[in-house]
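A.B. asks: Sharing a sequence plus its predicted fold:
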Amino acid sequence: MSDLIILGTDTDVGKTTFALLWMSAFADRYEYWKPVETGPSDSEQVRQLVPKAIVHPPCERFEAAVAPPLAAQMEGKRCRGMFGVIRAKPAPTALDRRLLVESFGSPFSPLDERCLQHMLLRALGSCRVLISSSRLGAVGRTVQCLAALRGQGLQTRAVVLLGPADEYAAQEIQRHSETQVFSLRAPESYDAEAIRQCATAQRQDLVALELHLGFALASEDHTPLADPIAKDQLARDASVIWHPYTPLAGADRPLVCSAARDEFLSLADGRHVIDAISSWWTILHGHCHPPLMNALASNAEYIDHVHFAGVTHYWPIRLAEWLLRAFPWKGGRVFYSDNGSTAVEVALKMAYQFWCHQGEPQRTRFVGFDHGYHGDTFGAMAVSRDPLFFGRFEPLLLQADILPIDPDRLDDHLSKYRDQVAGIIIEPLVQGAGGMRMHTPQTLRAIAEVTQRHDVLFIADEVMTGSGRTGTLWAHQAAGIMPDLVCAAKTLAGGVLPLAATLVSPRVVKAFETADRSKTFFHGHSFTAHPLACAVACANAELLDRPETLAKPQAMATFWTETVEPLRFQARVKDVRIRGSIAAVELDVEGGYLADVGRTIRLKALEMGVLLRPLGSVLYAMPPYCTSSESLQKIADAMHAAVKTATL
C-alpha cells in the first residue's frame, strides 16, 4: 500500500499540525513516522496529543534545530544518507494500515552531505501532499514550490492551505498549478482535546482529501497496484508503449520506477529493489552517481548538442585521448556513435572498406562465434546469427560464418577462406546475451594469434565487457592481445547517457588517410559525440583511473566465488560461471532463452527485493560497483532462493 508523504513549502508551515489532525481522524488506518528530526521532537508531540496514534521512532534524531547535516556535524556524527533512511523505514503494524510520513523543512533542505531532501521524497513514494500556510504570500510560495518539485520530476497530488480560509489563494494556486487545493483550520490550542475537536469539525474535509488521494476508506487491495498513479501509468503504458524484447500479449506488467540511486530502484508502489543487472549492464558506479551527475549538470549550463561533421568540442577530444591511452598505439582514432550495435556496424563497415582500399573487395565474409550477440541492427545480427532472435531475417543478412570458440576450428576455416574474410568479431572473455558464457584468456589469445597469422582483422566487441566488468579495464587486456578494432558503449558514460565509440588501430586508420574523397568513411549519426554524453564519459574515465575502482569487480568475483559457486552442487544446476562483477548460474532445463523457469526465478528474486532478468535458463547478476556488502548478500540470497524455487 502507498504511504502518504507530507511535505511543506518551508519549515514551520504546519506539517506537524496537519499530521496531528490526520492522525486524530484516521488513527485506525495510519501510523506516523518522521524519518529525520532536528530540534524539539514532532514524534513525541504526536504521541502526546494523539494518544491513540501509533508513532514510529525517527531513524535519525539531532538536538539542534538546524539542517540535519549541520546538526549531525555539531554532534560529531554523519547523516546516514538517503538509502540509510529508506532501509530504516518501518513497516505498518497491519496490512490495512499506511504510514503518514512527515518530511522536515522544505523539499530542498539538505538531507546529508550529498543529497537534498527531494531525492528522499521521490524514493519514499508517489502520494505527496504539499502543506502551505494560508498567510500572506500563499499563492507565490506555493506555486513556486510546486514548479520546483515538477522540475525535479516530482508530482504532488494535493495542496493543503493551513490557517484562516483564503478562497482567493486556493483558486489561484489551483488555476496556476493544476493541483487540487484543500483548506484546513489549525486548532485553537495544542492539547489533545483541542486537536480532537478540530479534526472532528473538519472530518468531512479530511475524508474528501483522502478520497481525492485515491485511498479507499476500507481498502482490501493490499497489492502494489493499489497505488493509483502506478495503476494509471501501467494503463497508459499498455496502450502506447512497445517494450524491447517483450511480447505485446501475455507479458507481465512492467515495474513502474519513480527514482534510482546507487544500487536501488524506487518503484511507484513504494517498494525499493536492488538493480542487480545494472539496468541492462549500463550503470557502472551506481544510479545518479554524483561525479557523473555533476558533470552533466555543470556542462548543461552552456552547451547542449552540436553536430560533429566539421565541428569539434572539448569533451570528445579529451575522451578520445583517454580511450586511446590504454593502447600501445600511435596514430589510432576514435569514431563515435550512440549505442553498442552502431559501434559494431561501424567496425564491420570499416573492416570491409579497409580491404577495399587494399585492393581486396572480395573479402565480404565475417566470422562470428556460437552464442555471440552483437546487437540488433543488420550487420550486428549477421555476425550473431542467433536463430531465435534473428532467424527470420536470414534472407537479409550479409555472409558470416559462425564457429565454436575453438582456435583450431578457426584456423581450419581461415585456411580455406582467408582471402574472403574481412574480419572476425568476438566478445572477449564473456558472451553476454548468449548466456554469460565464458572462455579463458588463453583461448582468447590463441584466437587472436590465429587471426593475426591469417592476416584477418580482429574486432573486439567490448560493449558489455569494457570498463572493468571482467576485472581489467578492457577484457582483451587479460589475454595480452591487441585488436584492430574495439567497440565500446553501455558503460562508456557510466550508464547516464547513450554513447558509443569504435576504437581504430593505426593500421586501419592508415588505409583511410588519403586525399581521395571517394575513399571517405561515409558514416555518421545525428548525435555523434554528443557533448554532454562525452562530458559525463570524461568524469567516468577519471573514476576508472582510480585503482580502487577496478578493485571493486575483483572483490565481487571473490564474493561470488564464496556465495554463488556452491550452487554448482545443487540439483538441476548445469554450470556456475564467474568473472569479475559477473556471476551466472545455468540451470539444466529445456527451453533455452524461452525456458519457463526464467519467469519463475525472476519473480522469486523480485519477491526478495532483487531485480534480476534471467536469460531464460541462465540466472545472472552484474550489479553496479557501488553495491554494498549488504546488498551483495541479498543478491546472493535471492539467487539461492530462485534456484531452489526452480528446482522444486
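C.D. replies: The structure has been received and is ready for your questions. Numbers count the residues shown, from 1 in each chain.
A.B. asks: all helices of the stretch 451-600 of the chain, in order?
C.D. replies: 506-512, 531-544, 547-563, 597-607 (DSSP state H, counting those that start in this stretch).
A.B. asks: Throw the ones you listed into TSV and include distance to Leu497, thanks.
C.D. replies: (Glycine included, C-beta is placed from N, CA and C.) Below are the helices of the stretch 451-600 of the chain laid out as TSV (distance: least, CB to CB, whole Å):
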stretch	distance to Leu497
helix 506-512	27
helix 531-544	4
helix 547-563	19
helix 597-607	27
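A.B. asks: Same list (these) but as TSV, adding distance to Asp42 and mean pLDDT.
C.D. replies: Formatted as TSV, those follow (distance: least, CB to CB, whole Å; pLDDT from 0 to 100):
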stretch	distance to Asp42	mean pLDDT
helix 506-512	66	97
helix 531-544	39	97
helix 547-563	40	96
helix 597-607	35	94
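A.B. asks: how about TSV for the ones you listed, with mean neighbour count added?
C.D. replies: Below are the helices of the stretch 451-600 of the chain laid out as TSV (neighbours: other CB atoms under 10 Å):
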stretch	mean neighbour count
helix 506-512	16
helix 531-544	23
helix 547-563	16
helix 597-607	19
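A.B. asks: Of these, which is nearest His523?
C.D. replies: With CB to CB as the criterion, His523 lies closest to helix 506-512 of the helices of the stretch 451-600 of the chain, at 11.4 Å.
A.B. asks: The closest one - contacts with which helices or strands?
C.D. replies: Packed against helix 506-512, as judged by 3 or more CB pairs under 8 Å, 6 or more residues apart in numbering; DSSP states H and E, are the following elements: helix 340-357.
A.B. asks: and the following helix or strand past the helix it packs on, how far out from the chain's middle?
C.D. replies: Once the chain leaves helix 340-357, the next helix or strand it forms, by DSSP states H and E, is strand 365-369. Distance, stretch centre to chain centre, for strand 365-369: 33 Å (CA atoms, centre = their mean, to the nearest Å).
A.B. asks: Can you tell me what sits against the helix or strand just after strand 365-369?
C.D. replies: Using DSSP H and E, the helix or strand that follows strand 365-369 in sequence is helix 378-382. For helix 378-382, the surrounding residues in contact (CB atoms under 8 Å, 6 or more residues apart in numbering) are 341, 344-345, 348-349, 366, 368, 374-375, 389-390, 393, 396-400.
A.B. asks: Those, buried ones only, as a ChimeraX selection?
C.D. replies: Buried residues within the contacts of helix 378-382, by 16 or more other CB atoms under 10 Å, are selected in ChimeraX with:
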select :341,344,345,348,349,366,368,374,375,389,390,397,400
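A.B. asks: would Val31 count as being in a strand?
C.D. replies: Actually, residue 31 is Glu rather than Val. Yes: according to DSSP: H, G, I helix; E, B strand; the rest coil, Glu31 belongs to a strand.
A.B. asks: ranges for the helices of the stretch 251-400 of the chain?
C.D. replies: Taking DSSP H, counting those that start in this stretch as the criterion, the stretch 251-400 of the chain carries its helices at 278-281, 290-299, 314-325, 340-357, 378-382, 387-390.
A.B. asks: and what of the stretch 1-150 of the chain?
C.D. replies: Secondary structure of the stretch 1-150 of the chain by DSSP H, counting those that start in this stretch: the helices cover 15-26, 42-49, 68-74, 82-87, 117-124, 138-151.
A.B. asks: Could you say which one of these comes nearest to Ile582?
C.D. replies: helix 82-87 (23.6 Å).
A.B. asks: what's that closest one in contact with?
C.D. replies: With CB under 8 Å, 6+ apart as the test, helix 82-87 has contacts from 35-36, 59-60, 111-112, 115, 119-120, 123-124, 261-262, 264, 266, 272.
A.B. asks: Check stretch 572-581 too.
C.D. replies: With CB under 8 Å, 6+ apart, stretch 572-581 has contacts from 429-430, 436-438, 468-471, 552-554, 556-557, 560-561, 564-565, 567-568, 583-589, 617, 622-623, 625, 643, 646-647.
A.B. asks: can you pull the contacts of the most centrally placed residue in the chain?
C.D. replies: Nearest to the mean C-alpha position of the chain, counting by CA atoms, centre = their mean, stands Ser279 at 4.7 Å. Contact analysis of Ser279 by CB under 8 Å, 6+ apart lists Ala260, His287, Gly495.
A.B. asks: Need the per-residue pLDDT for it.
C.D. replies: Model confidence at Ser279, given as pLDDT, is 97.
A.B. asks: Start at 27, not 1
C.D. replies: New numbering, starting at 27: the last item is Ser305.
A.B. asks: measure it to His311 for me?
C.D. replies: 12 Å (CB to CB, to the nearest Å).
A.B. asks: Next: Arg55.
C.D. replies: According to CB to CB, Arg55 stands 41 Å off from His311.
A.B. asks: Pick out whichever of these two has more residues nearby.
C.D. replies: Neighbours were counted for Arg55 and for His311 using other CB atoms under 10 Å; His311 has more, 25 against 18.
A.B. asks: doesn't Pro650 make contact with that one?
C.D. replies: Yes: at 6.1 Å, His311 counts as touching Pro650 under the criterion of CB atoms under 8 Å.
A.B. asks: What is the subsequent helix or strand relative to the helix or strand harbouring Ile221?
C.D. replies: Secondary structure from DSSP H and E places Ile221 in helix 218-227. Downstream of helix 218-227, the next assigned helix or strand under DSSP H and E is helix 229-238.
A.B. asks: average pLDDT for the next helix or strand after that next one?
C.D. replies: Past helix 229-238, further along toward the C-terminus, the next helix or strand under DSSP H and E is helix 254-266. The pLDDT scores in helix 254-266 average 85.
A.B. asks: Give me the contact list for helix 254-266.
C.D. replies: For helix 254-266, the external contacting residues (CB under 8 Å, 6+ apart) are 152-153, 181, 183, 240, 250-251, 279-280, 282, 293-295.
A.B. asks: same thing but 6 Å
C.D. replies: Ser152, Gly240, Leu251, Arg279, Val282, Ala294, Asp295 (CB atoms under 6 Å, 6 or more residues apart in numbering).
A.B. asks: which intervals of the stretch 477-626 of the chain have sub-threshold pLDDT?
C.D. replies: When residues are selected by pLDDT under 70, none of them lie in the stretch 477-626 of the chain.
A.B. asks: distance of the closest residue in space to Ala486 that isn't next to it in sequence from Ile343?
C.D. replies: In space, and not counting its chain neighbours, Ala486 is closest to Pro509: 4.0 Å by CB to CB, 6 or more residues apart in numbering. Separation of Pro509 from Ile343 (CB to CB): 23 Å.
A.B. asks: isn't His339 right next to Leu558, touching?
C.D. replies: No: taking contacts as CB atoms under 6 Å, His339 lies outside contact range of Leu558: 10.4 Å.
A.B. asks: what's the lowest-pLDDT member of the contacts of helix 254-266?
C.D. replies: Where pLDDT dips furthest among the contacts of helix 254-266: Leu251, at 44.
A.B. asks: quick one on the thing from earlier: quick check: the residue nearest to the centre of the chain vs Leu637, distance?
C.D. replies: Computed as CB to CB, the Ser305 to Leu637 distance reads 9 Å.
A.B. asks: so which of the helices of the stretch 477-626 of the chain gets nearest Ile31?
C.D. replies: The stretch from those with the least distance to Ile31 (CB to CB) is helix 623-633; that distance is 23.6 Å.
A.B. asks: Parallel or antiparallel, which strands does the helix or strand following the closest one pair with?
C.D. replies: Using DSSP H and E, the helix or strand that follows helix 623-633 in sequence is strand 636-637. If you go by DSSP bridges, strand 636-637 pairs up with strand 298-301 (parallel).
A.B. asks: Averaged pLDDT, the strand it pairs with. What do you get?
C.D. replies: For strand 298-301, mean pLDDT rounds to 91.
A.B. asks: buried ones in the helix or strand Leu440 falls within?
C.D. replies: Counting by DSSP H and E, the element that carries Leu440 is helix 433-443. Neighbour counts over helix 433-443 (16+ other CB under 10 Å) mark Pro433, Leu436, Asp437, His439, Leu440 as buried.
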